[in-house]
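S.K.: just need the structure, nothing else, for what follows:
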Amino acid sequence: MNSILEAIISRRSIRNFTKKKVEDDKINSILKAAIWAPSGLNNQPWKFIVIENENTIQSLSKLTHYEKVVKNSPLLIAVFLDSDESYNFVKDVQAIGASIQNMLLASFEMELGSVWLGEILNNKYEVHKLLDTPENFELMAIVALGYPVNKEQKSTRKNLHEGVYYEHYQSKVV
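M.R.: Alright, predicted model coming up:
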């Protein structure tokens, strides 16, 4: 199996991090992976805010059900859709999803843990206020990153025959 498939299958959402600072070169590599995601018309509709300030992290942690995860993360990356760069909302959201996946895979490659947090969108207006974003930025997610306390995470997936069809719905994978 090649390294990309191994990373896709082996990567896990990590929610417990050490306090060790993530090095700037690793942050830049993660962001470089993010911006190389595909996007329709190559419009690259994403914007990112890198957050390492402990007070800002603490304030953001109060805006989500996953307070403990956010509060204990040494690094957050807020991911936004820039409506000034958007040409088709659905396609642009899909591109941002690909961008986030690239960040998760890049962090895994560098032996960092990460988790994609979407629940904070319930408080997106408060996040916008806290991060002082312009009106054309729409919050899509926050990615929490850091060195994992425990790398040994387990996960399962449904079998292919539970959700893959050929040619039409009635023809399932065997």
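
S.K.: ok, Ile96 - contacts?
M.R.: Each residue near Ile96 by C-beta atoms under 8 Å, 6 or more residues apart in numbering is listed here: Ala37, Pro45, Trp46, Val79, Leu81, Met140, Ala141. Glycine gets a C-beta too; all of them are placed from N, C-alpha and C.

S.K.: now Val90: how far from Pro45?
M.R.: As judged by C-beta to C-beta, to the nearest Å, Val90 and Pro45 stand 12 Å apart.

S.K.: quick check: phi and psi on Thr133?
M.R.: phi -90, psi 150 (degrees, to the nearest 10).

S.K.: what packs against the top strand by length along the chain?
M.R.: Ranked by residue count under DSSP state E, the longest strand found in the chain is strand 137-146. On a contact count with 3 or more C-beta pairs under 8 Å, 6 or more residues apart in numbering; DSSP states H and E, strand 137-146 meets helix 67-71, strand 75-82, helix 89-109, strand 113-117, helix 124-131.

S.K.: Val70 reaches Gly146, doesn't it?
M.R.: No: contact between Val70 and Gly146 fails when scored by C-beta atoms under 8 Å: they sit 11.0 Å apart.

S.K.: tilt between the longest strand of the chain and strand 75-82?
M.R.: On the basis of axes from the mean of the first three to the mean of the last three C-alpha atoms, to 10 degrees, strand 137-146 is oriented at 160 degrees to strand 75-82.

S.K.: partners of strand 137-146 in the sheet?
M.R.: Partner strands and pairing direction for strand 137-146 (DSSP bridges) are strand 75-82 (antiparallel), strand 113-117 (antiparallel).

S.K.: would you list those in TSV and tack on mean pLDDT and distance to Ala95?
M.R.: TSV is the format used below for those (pLDDT from 0 to 100; distance: least, C-beta to C-beta, whole Å):
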stretch	mean pLDDT	distance to Ala95
strand 75-82	99	9
strand 113-117	98	15
